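*Asks:* Need the 3D shape of this:
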Amino acid sequence: MIKPISPEATSEAAKTTMEMVKKKLGRVPNMYQVMANSPAVLEAYVKFNGALSGGTLGNRMAELIALATAEANACSYCLSAHSFFGARIGLSEEQMLEGRSFYSPDEKMNAGLLFVKKMLETPKEISSADIEPLRAVGYSDGDILEIVANVIRNIFTNYINIISETEVDWPAIVKSLNVEAK
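*Replies:* Residues are numbered from 1 along each chain as shown. Take a look at the predicted model:
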């Protein structure tokens, strides 16, 4: 377990980053307080997250990737956080459950989620051939790179929250779908 550090008790190096998080989210969630143990990790995550939010992939696909990755890695913290954010951007409960199963009725999103599934389940088997189905449904090379970056970002937070046993401070999602990728 890695304990969180409150914004008041954090190092000077992390204070500015935590203030930015509080300004954006209205509070400093527990995950960021855990990351504050390393100001470099906290800053890297906030910058990576901010850069990806300005990408072309879109919030809906980014949240579906986050939900699928959290389900695959059995990260209850991230499942809860991204269910909250998914609902906030207009994803229905059904869409979020489908995303957690690497499925979307939207052909383009579905192709992206199938690629995410392959990345998570058989990373040693992915190749350049795996991006052809993505291109066929309209993903640009930049979009494909953003899919990969979103998976990596979410693996990063999943692992941090799992090893830290981060206390869930979002409306809790506890039910697992038992996705094969676990």
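*Asks:* Every contact and neighbour count from this point should use C-alpha atoms.
*Replies:* OK.
*Asks:* so what's V148 closest to, chain neighbours aside?
*Replies:* Across the structure, with Cα to Cα, 6 or more residues apart in numbering as the measure, the residue nearest V148 apart from its sequence neighbours is V116 (7.7 Å).
*Asks:* now swap in L57 and tell me
*Replies:* D143 (5.5 Å).
*Asks:* give me the element the one you found is part of.
*Replies:* Taking DSSP states H and E as the criterion, the element that holds D143 is helix 141-164.
*Asks:* elements contacting that helix?
*Replies:* Under the contact criterion of 3 or more Cα pairs under 8 Å, 6 or more residues apart in numbering; DSSP states H and E, helix 141-164 touches helix 39-53, helix 59-72, helix 76-88, helix 107-121.
*Asks:* try 10 Å this time
*Replies:* Applying 3 or more Cα pairs under 10 Å, 6 or more residues apart in numbering; DSSP states H and E, one finds that helix 141-164 makes contact with helix 30-35, helix 39-53, helix 59-72, helix 76-88, helix 107-121, helix 132-136.
*Asks:* What residues sit buried inside the shortest one?
*Replies:* Of all the residues in helix 132-136, those buried under the rule 16 or more other Cα atoms under 10 Å are L134, R135.
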